[in-house]
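K.L.:
let's see this in three dimensions:
(chains A and B)
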Amino acid sequence: MASAISPDDGRCCEASAPRRAAPGLIWFPLACVLPLVVLMLGFFLWPLVGAIVNSFHPYSLAGINTAHWTLANYRTLLDPFYLGVLWRTVRISFLISLITAVLAYPVAWYATRLRPTAQAYLLILYVAPWLVNVAVKAFGWTVLLSPRGLINRSLMSLGLVDSPLPLMFNETGVVIGLVHAHFMFVLLPLWAALGGIDRNLLWAASGLGATGSAVFRSIVLPLTLPALLAGMIINFTINMAAFATPALLGGSRVQVVSTLAYRINLVDLNWPLGAAMALVLLAVTLGLVLAAQRLGTGRREASA
Amino acid sequence: MRTGLKLFNGAMAVFMLAPLVIVVLISFTPEEYFALPTTHWSLRWYREVFHYPGFVDAFLLSLRLALLSAFVATGLTFLAVYALVRFELPGRKTLDGFFMSPLLVPAVVFGIAMLQFLNLHGLYNSFWGLAAAHVMIIVPFAARAIMAALHDVPHQLEWAAMNLGAGRLGTIWRITLPLAGRGVLAGFLFAFIISFDEVTTTIFITGPAYQTLPVRVYNYLTDQIDPTIAAVSSMLILMSFGLILALDRIGGFKRLGR
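P.N.:
You can find the predicted model right below:
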């Protein structure tokens, strides 16, 4: 244990040196972990388990009827109305991930060709909007996209359109807002993956006569596919859960699971149904994520 | 091709900044409605913000909430992650997955679960209920930053300190924490800004007495729209950019997305 105390050796010996600070010592790490574990069991896992339990109780005007058990809440969710909202949420979330991926490729490609300082500025440009409050971003889009907003007024005063384009209070508005809000979740993994590609590969391919699109299809896309998928999966999950952006930019006509769940839980106060909706959303999200990951690893093994 | 790529990236930069820039511009116009281009500028709406107690109170609440949540989350996560990185604790992988698991649960789902939980346990419409939820949301972000920072601290230095007679906690306090300081600070700042800006979970669990600033902005927007909200929003944008520059200074962005 005293053999490697020189600070210079710190990194090189990391792999070979034993991890343990003191062999067999268990109470100290346990005591370190315990507070966080207890807090998370109490305020993260317990509420989630509680919601699962609530979703199997019937609704009563007084709240939750804990004396009885039922599947009625899940049966309600099979109604075409609820299934329609769920399908719309999945469809919009996927569309946003797809559009983001298409837009992120050229940005990442351009970024990896810049000097490191310029790359750092570009990184801030794309991360910053994520760290600005969602309601504030939605407000900015409202000013731009609404029927009497800046874009429509400009287009009309230029005589390009006669009546305002429907840019918000519909799915278009939600898509624009969420592509903007969650852009970096696809861009950053793609950026890292593109930066890791050996440029000689690309030169060799084009030297041998491959066209730009052939280079992209046979070299760039396969090498960046894992990063692209990883980014799109995260992007998709947070699109599924978005609340303020669809509520403010979609208006009342574009109901998604989160806005509907808000109404059921806080306006109708039907908690069992609200809990069931939360769990369906969780199951659908996790299920699609697992499916996408399996697809990703299958592809990688096939191409290896 | 080269100019095409440049043009596209210029357009994307405009797309990223447009909704933020427009809010700041609007906040300096004197008219009741959104009048751009404007003929003159004014600070009228900023004065208005400070005369509307709703926003000032909400800001102070959000500040208290974010500071406390970030402090608790960073402190507890540091201890836990330290144990995971430095010791061979049984079930290390499981614990690591558990600490990151709030990322897997959509914010709405956690909001609904928390709403029902807090109500059933009499914690609804309380500061502590909000704080507990916020700590859960930001633990994964703090954990990721702190884990990266701890991996960069040579553990031989800690052994040296202990060999020379320092206690375990003393070693953490005097050796590990200063060496991992930047990473831990980055974790704290990330945790702070995510807590301060959180809307989706918070909107389910804020009672009437405890509306955070983002929730108040959201509720205001569903009700009416005037440049007062542009002034509040501009201040929020300014705060976000301040924190982003601070994060960039201490290298907090280097590991994002890797």
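K.L.:
need the contact list for residue 43.
P.N.:
No chain in the question, so chain A it is. Residues in contact with residue A:43 (C-beta atoms under 8 Å, 6 or more residues apart in numbering or on different chains) are B:114, B:117, B:132, B:133, B:135, B:136. Heads up, the C-betas are built off the backbone N, CA and C, glycines and all.
K.L.:
my bad, chain B
P.N.:
Residue B:43 neighbours (C-beta under 8 Å, 6+ apart): residue B:28.
K.L.:
sorry, back to before: among the contacts of residue A:43, which two are most distant?
P.N.:
Greatest spatial distance among the contacts of residue A:43 (C-beta to C-beta): B:117 and B:135, at 14.2 Å.
K.L.:
distance check, residue B:228 against chain A.
P.N.:
According to C-beta to the nearest C-beta, to the nearest Å, residue B:228 and chain A sit 11 Å apart.
K.L.:
next, the contact list for that residue, please.
P.N.:
Residue B:228 neighbours (C-beta under 8 Å, 6+ apart): B:45, B:48, B:49, B:52.
K.L.:
what does the helix or strand the first one falls within contact?
P.N.:
Following DSSP states H and E, the helix or strand that holds residue B:45 is helix B:44-51. Residues external to helix B:44-51 that are found in contact with it (C-beta under 8 Å, 6+ apart): B:27, B:28, B:30, B:55, B:56, B:226, B:227, B:228, B:230, B:231, B:232, B:235.
K.L.:
so which bits of that helix are buried?
P.N.:
B:44, B:45, B:46, B:48, B:49 (16 or more other C-beta atoms under 10 Å in any protein chain shown).
K.L.:
show me where chain B has helices.
P.N.:
B:2-27, B:44-51, B:53-86, B:92-100, B:107-120, B:127-151, B:155-163, B:168-171, B:177-179, B:181-197, B:202-205, B:213-223, B:227-249 (DSSP state H).
K.L.:
okay, angle between the last one and helix B:181-197 too, please.
P.N.:
Read it as helix B:227-249. 160 degrees (axes from the mean of the first three to the mean of the last three C-alpha atoms, to 10 degrees).
K.L.:
would you mind listing what in the stretch 151-258 of chain B touches chain A?
P.N.:
Within the stretch 151-258 of chain B, the positions adjacent to chain A are B:154-160, B:162-163, B:168, B:193, B:197, B:199-200, B:203-204, B:214, B:217-218, B:221-222, B:225, B:229-230, B:233, B:236-237, B:240-241, B:243-245, B:248, B:253, B:256-258 by C-beta under 8 Å from any C-beta of the partner chain.
K.L.:
pLDDT weak spots in chain B?
P.N.:
Within chain B, the segments meeting pLDDT under 70 span B:1, B:32-39, B:252-258.
K.L.:
and the residue of the stretch 101-250 of chain B closest to chain A?
P.N.:
In the stretch 101-250 of chain B, no residue comes nearer to chain A than residue B:154, which is 2.3 Å away by C-beta to the nearest C-beta.
K.L.:
pop out the phi and psi values for that residue.
P.N.:
Reported as degrees, to the nearest 10, the phi and psi values for residue B:154 are phi -60, psi 120.
K.L.:
ok, back up a step: among the contacts of helix B:44-51, who's most crowded?
P.N.:
Within those, most neighbours by other C-beta atoms under 10 Å in any protein chain shown means residue B:232, with 29 neighbours.
K.L.:
that one is in contact with residue B:55, isn't it?
P.N.:
Yes - using C-beta atoms under 8 Å, residue B:232 is in contact with residue B:55, at 5.6 Å.
K.L.:
show me where the stretch 101-250 of chain A has its helices.
P.N.:
With DSSP state H, counting those that start in this stretch, the ranges of helices along the stretch 101-250 of chain A come out as A:116-131, A:134-145, A:150-157, A:171-181, A:184-195, A:199-207, A:212-215, A:221-241, A:244-245.
K.L.:
let me have those helices in CSV, adding mean neighbour count as columns.
P.N.:
As requested, those are arranged in CSV below (neighbours: other C-beta atoms under 10 Å in any protein chain shown):
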stretch, mean neighbour count
helix A:116-131, 16
helix A:134-145, 25
helix A:150-157, 15
helix A:171-181, 23
helix A:184-195, 24
helix A:199-207, 12
helix A:212-215, 12
helix A:221-241, 21
helix A:244-245, 27
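K.L.:
format the ones you listed as JSON lines; extra columns: mean pLDDT and distance to residue B:7.
P.N.:
Output for the helices of the stretch 101-250 of chain A, formatted as JSON lines (pLDDT from 0 to 100; distance: least, C-beta to C-beta, whole Å):
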{"stretch": "helix A:116-131", "mean pLDDT": "88", "distance to residue B:7": "16"}
{"stretch": "helix A:134-145", "mean pLDDT": "92", "distance to residue B:7": "21"}
{"stretch": "helix A:150-157", "mean pLDDT": "88", "distance to residue B:7": "19"}
{"stretch": "helix A:171-181", "mean pLDDT": "95", "distance to residue B:7": "19"}
{"stretch": "helix A:184-195", "mean pLDDT": "92", "distance to residue B:7": "18"}
{"stretch": "helix A:199-207", "mean pLDDT": "82", "distance to residue B:7": "22"}
{"stretch": "helix A:212-215", "mean pLDDT": "80", "distance to residue B:7": "17"}
{"stretch": "helix A:221-241", "mean pLDDT": "90", "distance to residue B:7": "23"}
{"stretch": "helix A:244-245", "mean pLDDT": "94", "distance to residue B:7": "28"}
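K.L.:
out of those helices, nearest to residue B:17?
P.N.:
Nearest of the helices of the stretch 101-250 of chain A (C-beta to C-beta): helix A:116-131, 7.3 Å.
K.L.:
any idea how far the closest residue to chain B within the stretch 151-300 of chain A lies from residue B:191?
P.N.:
Nearest residue of the stretch 151-300 of chain A to chain B (C-beta to the nearest C-beta) works out as residue A:188 at 2.7 Å. Distance, residue A:188 to residue B:191, using C-beta to C-beta, to the nearest Å: 19 Å.
K.L.:
burial count for the residue nearest to residue A:175 when sequence neighbours are not counted?
P.N.:
Distance criterion C-beta to C-beta, 6 or more residues apart in numbering or on different chains; nearest residue to residue A:175, sequence neighbours excluded, is residue A:96 at 5.7 Å. Residues lying near residue A:96 (other C-beta under 10 Å) number 28.
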